[in-house]
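Enquirer: Sequence first, then the predicted structure:
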Amino acid sequence: MPYEHILVETEPPVGIIRLNRPKVLNALSFDVLREIVDALEKFDKDETIKATLLTGSDEAFSAGADIKELSEATPVGLIERNQFALWDRLKRTAKPIVGAVSGYAYGGGCELAMNCDIIIASETAKFGQPEINIGIMPGAGGTQRLTRTIGKFRSMEMILTGQPITAREAEKHGLVNKVVPVEAYLQEAKKLAMQISQKAPVAVRLAKEAVLKAFDTPLEEGLQYERRNFYLLFSTEDMKEGMKAFTEKRPPHFKGR
Ligand code: CO8
């Protein structure tokens, strides 16, 4: 499917999705989100791809939901459009997503970044939930994911004042993994995606699932979930290969089985 608002490339084993609406700082219209989800689901089915890099431009990862589109919205229209079904599909992406964030990651853009599994930011990245400035509030997980990541008080400040934080502050509060100069963030993110791509794919998938489980289960239930995934991996060829390679002091050759 040809995409209008994103650029999709593959550098196997890494798939790359780049938001491409420069005139509106990669604002997330309904169509952009639909395209991102479609591309992620295609990568999930593509055996040559093991991890995805999600990025925008140096100026903007994304300045949030498309305000022009949102300004026309009605409650019934929003219900009928059911955009949140797309966010739910995004959340269920099986392969790891490394976010390479530079410039603005505001509103829905910050929420999109928080749907990534790892975030590499450029020194110029800014994270914010400025919805309050236009009379609304975060609607795609911001109040929940931000709070669970950086805590109640910092989230309250960001969400109630609309004031963004810098990449360095985001790093200090655990919202990003690493901050690097703007010339290096894409390369750094790609390096991480490559590194993950070398691991046993089924183990990567089940480990990602188990980490995400920690967001919505009590500890005991999460531990049971982890245990089931752990047991399951002992039925894979890659587990046997990984352990055999270790004892034979050679690199493993994983097959994703
Ligand atoms: N939507 C639509 N257009 C945008 C957006 C946006 N979010 N952000 C920027 N643009 C457009 C501007 O209108 C402008 O277009 P034009 O040149 O035609 O006037 C162009 O991009 C460049 O923007 P600026 O001139 O404003 O650039 P500055 O560098 O001066 O400022 C800012 C950059 C600070 C990022 C500024 O553009 C801004 O504040 N943007 C809005 C940020 C914002 O409020 N984001 C939150 C939106 S609401 C949201 O995300 C809710 C998500 C809920 C989930 C979805 C549920 C349906």
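Expert: That came through fine.
Enquirer: next one: the helix or strand bottoming out on mean pLDDT in the chain to chain centre, how far?
Expert: The weakest-scoring helix or strand in the chain, judged by mean pLDDT, DSSP states H and E, is helix 75-81 (a mean of 88). Distance of helix 75-81 from the chain centroid (Cα atoms, centre = their mean, to the nearest Å) equals 25 Å.
Enquirer: Next: stretch 158-173.
Expert: With Cα atoms, centre = their mean, you get 18 Å for stretch 158-173.
Enquirer: Next, see if it gets close to the ligand.
Expert: No. Stretch 158-173 is not in contact with the ligand by Cβ under 6 Å from any ligand atom; minimum separation 7.8 Å. The C-beta positions use only the backbone N, C-alpha and C, and glycine is treated the same way.
Enquirer: Which residue is the nearest non-sequential neighbour of the closest residue to the ligand within the stretch 101-250 of the chain?
Expert: Closest residue of the stretch 101-250 of the chain to the ligand, Cβ to the nearest ligand atom: residue 107 (2.5 Å). With sequence-adjacent residues excluded and distances taken as Cβ to Cβ, 6 or more residues apart in numbering, residue 107 is closest to residue 64, at 2.6 Å.
Enquirer: Which pLDDT does the model give that neighbour?
Expert: Predicted confidence (pLDDT) for residue 64: 97.
Enquirer: count of residues packed around it?
Expert: For residue 64, the count of nearby residues is 28 (other Cβ atoms under 10 Å).
Enquirer: got a list of what it touches?
Expert: Contact criterion Cβ atoms under 8 Å, 6 or more residues apart in numbering gives 27-28, 106-110, 130-131 as the residues in contact with residue 64.
Enquirer: coming back round to it: pull the residues that contact the least confident helix or strand of the chain.
Expert: By Cβ under 8 Å, 6+ apart, helix 75-81 touches residue 30.
Enquirer: next structured bit after it?
Expert: helix 83-91 (DSSP states H and E).
Enquirer: Pull the distance from that next one to the chain's centre.
Expert: That offset, for helix 83-91, works out to 12 Å (Cα atoms, centre = their mean).
Enquirer: can you list the residues of the stretch 101-250 of the chain near the ligand?
Expert: 104, 106-108, 130-131, 134, 139-140.
Enquirer: Please check those residues and keep the buried ones.
Expert: Listed as buried from those are 104, 106-108, 130-131, 139-140; burial here means 16 or more other Cβ atoms under 10 Å.
Enquirer: And those residues, which two are furthest apart?
Expert: The distance between the two most remote of those (Cβ to Cβ) is 17.9 Å, for 104 and 139.
Enquirer: just to revisit the earlier point, please convert the residues of the stretch 101-250 of the chain next to the ligand to JSON lines, extending it with distance to residue 152, pLDDT and secondary structure.
Expert: Output for these, formatted as JSON lines (distance: Cβ to Cβ, whole Å; pLDDT from 0 to 100; DSSP: H, G, I helix; E, B strand; the rest coil):
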{"residue": "104", "distance to residue 152": "24", "pLDDT": "98", "secondary structure": "strand"}
{"residue": "106", "distance to residue 152": "21", "pLDDT": "98", "secondary structure": "strand"}
{"residue": "107", "distance to residue 152": "20", "pLDDT": "98", "secondary structure": "coil"}
{"residue": "108", "distance to residue 152": "22", "pLDDT": "98", "secondary structure": "helix"}
{"residue": "130", "distance to residue 152": "19", "pLDDT": "98", "secondary structure": "helix"}
{"residue": "131", "distance to residue 152": "18", "pLDDT": "98", "secondary structure": "helix"}
{"residue": "134", "distance to residue 152": "23", "pLDDT": "97", "secondary structure": "helix"}
{"residue": "139", "distance to residue 152": "19", "pLDDT": "95", "secondary structure": "coil"}
{"residue": "140", "distance to residue 152": "19", "pLDDT": "95", "secondary structure": "coil"}
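Enquirer: Farthest pair within those residues?
Expert: It's 104 and 139 that sit farthest apart of these, by Cβ to Cβ, at 17.9 Å.
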